[in-house]
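Chemist: based on what follows, work out the 3D shape:
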Amino acid sequence: MCSNLFTRTQDAWLVGPSISAVWPAIPLTKSDQNISAWRFRQVADWETFRRNAGKTGCILPKRLVLLADVSVLTHDTIFQIRQYREQNPLFAPVVYFDQPDLGKFIHTFNSDLAGYSSATDSEEEMVRLLRAVFAGKHYYTPGFCRLVEDLGFPIAKGDEDKYIKN
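Modeler: Numbering: from 1, shown residues only. Got it, this is the predicted structure:
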């Protein structure tokens with residue numbers, strides 16, 4: 001089964017109202033040339049993303065990053081995102097929590113997405129998230145880790161590299 005996503009350039013898609021308010025403010029430096037070469041696109045919801053990113057090709061020759069505001073995702077949408085990720089390892093979805101939601105937290109975390117972030121994360125932390133996900137790694141921001149603890153799930157303390165998985 002094909003995911004029907006295709007990209008010829010390195011694309012990052014921003015989905016939802018909360019993330020679009022945060023993301024344009026993130027400064028990119030000369031050391032972020034690999035990130036600034038990526039094309040950022042903004043859409044309102046998952047269906048618009050699928051329509052705009054969907055093509056007849058079934059191969060992603062380059063990584064496609066989806067940074068989605070969890071408040072616009074339904075459980076069905078999260079399931080679809082998980083299926084796309086399983087079908088195509090170059091599809092890298094990241095969720096952004098602007099408000100705690102235990103149900104969506106559990107559903108997205110069980111989907112093994114590429115990254116997790118929170119509204120409490122700094123601009124610099126969001127750039128670290130991008131770097132890691134663009135490099136094909138999993139990344140959990142410190143703000144997301146605090147959200148996990150606030151929801152009652154203890155996590156081990158340590159350096160920030162612990163939240164990056166290969």
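
Chemist: what strand or helix carries the residue nearest the centre of the chain?
Modeler: What sits nearest the mean C-alpha location of the chain, by CA atoms, centre = their mean, is residue 94, with 1.4 Å. Element membership for residue 94 (DSSP states H and E) is strand 91-97.

Chemist: what are the ranges of the helices in the protein?
Modeler: Assigned by DSSP state H, the chain shows helices spanning 17-22, 33-36, 46-53, 75-87, 102-109, 123-134, 142-150.

Chemist: now mean neighbour count too, for the ones you listed, in a markdown table please.
Modeler: All C-beta atoms are positioned from the backbone trio N, CA, C, and that covers glycine. Shown next, in a markdown table, are these (neighbours: other CB atoms under 10 Å):
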| stretch | mean neighbour count |
| --- | --- |
| helix 17-22 | 17 |
| helix 33-36 | 12 |
| helix 46-53 | 16 |
| helix 75-87 | 16 |
| helix 102-109 | 16 |
| helix 123-134 | 19 |
| helix 142-150 | 18 |
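
Chemist: re earlier: ok, the strand holding residue 94: who's next to it in the sheet?
Modeler: Partner strands and pairing direction for strand 91-97 (DSSP bridges) are strand 64-69 (parallel), strand 115-118 (parallel).

Chemist: what would the ones you listed look like in CSV with mean neighbour count and distance to residue 41?
Modeler: CSV is the format used below for these (neighbours: other CB atoms under 10 Å; distance: least, CB to CB, whole Å):
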stretch, mean neighbour count, distance to residue 41
strand 64-69, 24, 10
strand 115-118, 25, 18
